[in-house]
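[1] Here is my input, please return the structure:
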Amino acid sequence: GEGALDRGLKIRTLVLPDRYIDHDKPEKQIAEAGLDAASIAAAALQALGRATRPALRA
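    Residues are numbered from 1 along each chain as shown. Below you'll find the predicted structure:
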């Protein structure tokens, strides 16, 4: 039989970077690490080969 990985399943690991992240509010630290919702969505779209636009941040 054909396995799940044989049908084009795309996997991207998103992890904390191996560097010091300055002390700040947790949501700012997560964003700096690239693990906020906008960064995760951008990584998913990139894995799917879809163009991404820069997110508008308040």
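[2] just for this protein, where's the confidence low?
    Low-confidence segments of the chain (pLDDT under 70): 1-6, 51-58.
[3] where along it do the helices fall?
    Under the criterion DSSP state H, the chain carries helices at the ranges 26-32, 37-47.
[4] and the residue nearest to Pro17 when sequence neighbours are not counted, what does it touch?
    Spatial nearest neighbour of Pro17, chain neighbours left out: Ala33 (5.8 Å); criterion: CB to CB, 6 or more residues apart in numbering. Where C-beta positions appear, they are placed from N, C-alpha and C, glycine not excepted. With contact set as CB atoms under 8 Å, 6 or more residues apart in numbering, Ala33 has these partners: Leu16, Pro17, Ile21.
[5] in terms of contact, does the first one touch Gln29 like I think?
    The reference is to Leu16. No: between Leu16 and Gln29 there is no contact under CB atoms under 8 Å: 9.4 Å.
[6] Have a look at the two and say which one is more surrounded.
    For Leu16 versus Gln29, neighbours defined as other CB atoms under 10 Å are more numerous around Gln29 (15 against 11).
[7] so who does the closest residue in space to that one that isn't next to it in sequence touch?
    Distance criterion CB to CB, 6+ apart; nearest residue to Gln29, sequence neighbours excluded, is Ile21 at 5.2 Å. Applying CB under 8 Å, 6+ apart, we find Ile21 in contact with Gln29, Glu32, Ala33.
[8] Which one of those is nearest to Leu9?
    For those, the minimum distance to Leu9 (CB to CB) is 25.0 Å, reached by Ala33.
[9] how near is the closest one to Gly8?
    Ala33 is 28 Å from Gly8, where distance means CB to CB, to the nearest Å.
[10] Off-centre distance for stretch 25-44?
    From the chain centre to the centre of stretch 25-44 is a distance of 7 Å (CA atoms, centre = their mean, to the nearest Å).
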